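Enquirer: Show me the folded form of this:
(2 chains)
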Amino acid sequence: MTTTLTIFRREMAGYFATPLAYIFIVIFLILAGILTIFVGNFVGQGHAGLQSFFGLHPWFYLFLIPALSMRLWAEERKTGTLELTLTLPIRLREAVVGKFAAAWCFAGIALALTFPFWITVNYLGNPDNGVILASYIGSWLMAGSYLAVGAFISATTNNQVIAFVVTVTVCFFFVVTGSTIVIDFISGWANDEFLEFVRYISILNHFAGISKGVLDLRSVLFFVSIIGLFLTLNAIVIDRIRSN
Amino acid sequence: MIEVKRLSKRFGDSLAVDNISFSLSKGEVLGFLGPNGAGKSTTMKMISGFLSPTSGTALINGDDVRNNPIEVKRAIGYLPEGAPMWADMSVGGFLNFISAVRGFKGIEAVNKVQKAAELTQLSDVLMQPIETLSKGFKRRVGLAQAMLHDPEILILDEPTDGLDPNQKHQVRTLIQKMAHKKAIIISTHILEEVEAVCTRAIIIAKGKLLTDATPRELLKKSRHYNAVSIAVPSIEKAQKVLEELDSVRRVQPIGENWLVAFPKTKEPINEEVAQALRSARLKINEIRTESGRLDDVFRTITRRS
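Expert: Got it, this is the predicted structure:
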């Protein structure tokens, strides 16, 4: 635990040691603002709520989160610091969890800094703050899922660009499996079990549920499982580097 | 302290390390020699617990690196090849991280970092980001990292690579100072380093251990061991005189006024050579006995494999 925390702190300090953190946060906020106002029609929707803001998160994370996760392991592999990490008395899971937790926490900070939206809607009307809180939690869980997928992919390569592109693609897959286009396309030939499975693994569906204000335990469990699954795969990949 | 047992590592089709065994105890400094790609780094990576062996294992203070990797990593200080570090951290931040990972807290952690920085003469650059440092400084940060917890065992992969002669000397002095209370393995291309700091040398080529001997024993294998170099005004006459000596195997002229006489057995022949030349009334400008050349031995041994 202490070691995980030590790694967490080092990673966190690493984000803020370079302009990376500030640039990321600024772009995150600008994009969130622009997309919500122009694409989400935040102003014209006619009621005080943040649905238009949160509704864009699955798409908006699609590019920002892989940008955050791509360097997690790929950079350590390339510069050789992976060897240093793995020859210090650090357990593999401590390294995997510590690095992930720092990235997740960092994404949380960026997300929390969108609080002016929340102030704005509360100033303009009487939104359901319970829904907003559930949406924030759901959005953060979703960011964690994207990050875990990204961390795993980053561990498989020492090229950050490859890590980025592949992560965007894989996350895109997890998002669109719930969209009507894909479901309509599949339902033509697949059986019901498969259709149900495709619906189930869609990040979009789970997040849509949560952002309506229902912090459904199954959806929370879904995100937590995705994180758990991909962090385990992450550890396995790193362990394989050691045996070859 | 270190026991390497039949260690092997296979990468795809090629056997990078082939059945290497040796042991090392306190007070010994082992030099790892071998051509590039011989398997030196791979062996060190396996002992330090980064790579897992294809077969065989290494025991550190009785702990098997495959079963008790954390104990092994606690006992070892390791400088990986190229001294990788997180470039955006400051030297102090980096060493603080290492001491925290090594389990030091509070004032003890501060002391450990200070001590390591002093030993490697880094105290003035603790605030600087690692990426702004010169190669020599970076290497010393790597060394500070490896010895921060005052480990019983140090494994240093090319600790003096990229350093200028003064810095090399500094690192060697540092190693010599610690040598009596630690077991140290260093890999190097610089053969003089082996003579300067190592009590033992292992030569590896193509993954196989070829020689395990003291530097003195290695020198004895050199064809220059106990050879005599003589500067004489006229080398033709002197060469004739020396070639008639029973103890001389061969006489080789070097340049215009130097001769090298190689002994038949590896016994000293300087007295005899001097005596013979004086009896023939030949003038000797200079005479010296060679102690052998490691690069000779290195080339003969690694070429044979």
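
Enquirer: Any residues of chain A in contact with chain B? List them.
Expert: By C-beta under 8 Å from any C-beta of the partner chain, the residues of chain A that approach chain B are A:2-3, A:6-7, A:9-10, A:13-14, A:17-18, A:79-81, A:83-84, A:86-91, A:242-244. Heads up, the C-betas are built off the backbone N, CA and C, glycines and all.

Enquirer: Just want the residue of chain A that's nearest chain B.
Expert: Using C-beta to the nearest C-beta, the single residue of chain A nearest to chain B is A:G80, 3.2 Å away.

Enquirer: So for that residue, what's the pLDDT?
Expert: A:G80 is assigned a predicted lDDT (pLDDT) of 93.

Enquirer: How about B:P215?
Expert: On the pLDDT scale, B:P215 gets 86.

Enquirer: Same question for B:K73.
Expert: 95.

Enquirer: So it: helix, strand or coil?
Expert: helix (DSSP: H, G, I helix; E, B strand; the rest coil).

Enquirer: Assess the claim that it and A:L92 are in contact.
Expert: No. In this structure B:K73 lies outside contact range of A:L92 using C-beta atoms under 8 Å: 11.8 Å.

Enquirer: When those two are compared, which one has more neighbours?
Expert: B:K73 (25 against 16; other C-beta atoms under 10 Å in any protein chain shown).

Enquirer: Name the nearest residue to that one, sequence neighbours excluded.
Expert: Distance criterion C-beta to C-beta, 6 or more residues apart in numbering or on different chains; nearest residue to B:K73, sequence neighbours excluded, is A:P89 at 4.3 Å.

Enquirer: what does the stretch 101-250 of chain B have sitting close to chain A?
Expert: Within reach of chain A by C-beta under 8 Å from any C-beta, the stretch 101-250 of chain B has these residues: B:V101, B:R102, B:G103, B:P129, B:Q145.

Enquirer: Quick one: the strands in chain B, in order.
Expert: Using DSSP state E, the strands of chain B run over B:2-11, B:14-24, B:29-33, B:55-60, B:63-64, B:76-79, B:153-157, B:183-187, B:200-205, B:208-213, B:225-231, B:248-254, B:258-263, B:286-291.

Enquirer: how about these in TSV, adding mean neighbour count?
Expert: TSV is the format used below for those (neighbours: other C-beta atoms under 10 Å in any protein chain shown):
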stretch	mean neighbour count
strand B:2-11	19
strand B:14-24	18
strand B:29-33	24
strand B:55-60	19
strand B:63-64	16
strand B:76-79	26
strand B:153-157	25
strand B:183-187	26
strand B:200-205	23
strand B:208-213	17
strand B:225-231	22
strand B:248-254	15
strand B:258-263	20
strand B:286-291	14
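
Enquirer: can you tell which of these is closest to A:K99?
Expert: strand B:76-79 (20.6 Å; C-beta to C-beta).

Enquirer: circling back: how about the contacts made by the residue nearest to B:K73?
Expert: Applying C-beta atoms under 8 Å, 6 or more residues apart in numbering or on different chains, one finds that A:P89 lies in contact with A:T3, B:I70, B:K73, B:R74, B:V101, B:R102, B:G103.

Enquirer: Confirm it sits in a helix?
Expert: No. Going by three-state DSSP, the assignment for A:P89 is coil, not a helix.

Enquirer: give me the low-pLDDT residue ranges for chain A?
Expert: Residue ranges of chain A with pLDDT under 70: A:42-48.
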